[in-house]
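Colleague: The sequence and its predicted three-dimensional model are supplied below.
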Amino acid sequence: MHVGMSVIFQGFEDPARDREVYARELALADQAEGLGFDSIWAVEHHFTPYTMCPDPLQFLTYMAGRTKRVQLGSMVVVLPWHDPVRVAEHVTMLDVLSGGRFIFGMGRGLGRVEFGGFRVAMDESRSRFIECATAVLEGLDRGYVEFKGEHFDIPRRNLRPAPIATFRGRTYAAAVSPESVKIMAELGVGLLIIPQKPWAQVSAELEEYRTQYRAIRGEEPPAPIVAAWMFVDNDVSRARDMAHRYIGGYYETVMDHYEFASGHLATQKGYEFYGKLTENLDKHGPQGGIDFFTDLQVWGTPEMCLEKIEWIRSLTGAETFISVCSYAGMAAAEADRNLKQVASDILPTLKTWSPVLVGV
């Protein structure tokens, strides 16, 4: 099994501490290769302390120069906020600089504050995502970008430096809403799963995705990637307490950043799934949502964590697992300990696991 780690640069309300956050997260990322991780991942978010990585490809380019072996993944580049030509150029340049180590993860976006900051209408996000993804993926295959659609009219322009290898098989998309399944199958990309809903529902949607992929493309889809927030400790009581404190604390920032309590997603075109999520939060209360999210993640003793990952893998057929070990104001020493225990007590076992076949 391929095992990665992600840093998310989650900040504090005080902007004066932003440099402190970057120093801490970079210190974790710098250890990844030496600890045996196979990849380093970064997210894209803007304008708030929720996660402060407005340019994941810039960060990954920095890490490319500080590493030799690990792959570098975006989790994700939010396509509706970008011009397709610039995305294709940035992807190609990073891949050339890193010697072909880039894994391209892309997504649609959800934060109203971010869409507003980029002056992009949220009700256009799905169509913009499809057009941008199509233009970028075709451009990376052909070595030039040329596209005409509702949002983008791009004359033919060569990508230089030219792509050094295809991105088919190493492109993934975060697909949370059921409506996205067919879109990702049509695009020919794998799925990046970030736990937000019951695992049984995820498994069922994966089956639908595989069915659509085979029907549309006549081949097997890539195995999905699963990312999860982790807290591991030899003391089960401490692991439980810290998981609810920190993973639960992280989900509080999710609810705040995405304004789940405002109810605007219930009437937002293209975000009907999130409207239902808001309804569930209204029904069960914020603490119910926090507890639900925490229980979806991976925490406990090393044995408990391995058992949870194995169970997730049996449901999804994932061959890549990404751990997030620093979040919600966790002390630097605790985050460092957490990452190192994942590396010492969990990573070696995961690497011995051979692929499983699900839904074949």
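Modeller: Now that the structure is in, tell me what you want to look at. Residues are numbered from 1 along each chain as shown.
Colleague: Check which helices and strands the biggest helix by length in the chain is in contact with.
Modeller: Under DSSP state H, the helix in the chain containing the largest number of residues is helix 272-296. Packed against helix 272-296, as judged by 3 or more CB pairs under 8 Å, 6 or more residues apart in numbering; DSSP states H and E, are the following elements: helix 248-257. For the C-beta atoms, the positions are set from N, CA and C on the backbone; glycine is no exception.
Colleague: Could you list the residues in contact with the helix it packs on?
Modeller: The contact list for helix 248-257, computed with CB atoms under 8 Å, 6 or more residues apart in numbering, reads 10, 45, 48-50, 111, 113, 229, 260-261, 281, 286, 289-291, 293-294, 327-329.
Colleague: circling back to that earlier point, mind listing what the very next helix or strand once past the longest helix of the chain pairs with, with the direction of each?
Modeller: Later in the chain than helix 272-296, the nearest helix or strand by DSSP states H and E is strand 298-300. Strand 298-300 pairs in its sheet with strand 225-232 (parallel), by DSSP bridges.
Colleague: Using PDB, write down the CA coordinates of the strand it pairs with.
Modeller: The C-alpha trace of strand 225-232 is given here as PDB (Å, rounded to 0.1, in the frame of the first residue of the first chain):
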ATOM      1  CA  ILE A 225      -7.100   7.300  -2.600                       C
ATOM      2  CA  VAL A 226      -8.300   7.700   1.000                       C
ATOM      3  CA  ALA A 227      -7.200  10.600   3.300                       C
ATOM      4  CA  ALA A 228      -8.000  10.700   7.000                       C
ATOM      5  CA  TRP A 229      -7.300  12.800  10.000                       C
ATOM      6  CA  MET A 230      -5.200  10.600  12.400                       C
ATOM      7  CA  PHE A 231      -4.400  10.600  16.100                       C
ATOM      8  CA  VAL A 232      -2.400   7.600  17.400                       C
END
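Colleague: So which bits of the next helix or strand after it are buried?
Modeller: Using DSSP H and E, the helix or strand that follows strand 225-232 towards the C-terminus is helix 236-242. Buried positions in helix 236-242, judged by neighbour count with 16 or more other CB atoms under 10 Å: Ala239, Arg240, Met242.
Colleague: Just list what helix 236-242 packs against, helices and strands only.
Modeller: Using 3+ CB pairs under 8 Å, 6+ apart: helix 236-242 touches strand 225-232, strand 298-300.
Colleague: Taking helix 248-257 as reference, get the angle to the longest one.
Modeller: In this case it means strand 225-232. 130 degrees (axes from the mean of the first three to the mean of the last three CA atoms, to 10 degrees).
Colleague: Averaged pLDDT, strand 225-232. What do you get?
Modeller: Computed over strand 225-232, the mean pLDDT rounds to 98.
Colleague: Also stretch 58-73?
Modeller: 98.
Colleague: Identify each buried residue in that stretch, please.
Modeller: For stretch 58-73, the neighbour count (16+ other CB under 10 Å) marks Phe59, Leu60, Thr61, Met63, Ala64, Thr67, Val70, Gln71, Leu72, Gly73 as buried.
Colleague: So how do I select the buried members of the contacts of helix 248-257 in ChimeraX?
Modeller: Buried members of the contacts of helix 248-257, defined by 16+ other CB under 10 Å, are picked up in ChimeraX with:
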select :10,45,48,49,50,111,229,260,281,289,290,293,294,327,328,329
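Colleague: For Glu310, list the residues it contacts.
Modeller: Contacts for Glu310 were tallied using CB under 8 Å, 6+ apart; they are Trp353.
Colleague: again, 7 Å this time
Modeller: Contact partners of Glu310, counting by CB atoms under 7 Å, 6 or more residues apart in numbering, are absent.
Colleague: Next one: it relative to His82, how far apart?
Modeller: Glu310 sits 37 Å away from His82 when distances are taken as CB to CB, to the nearest Å.
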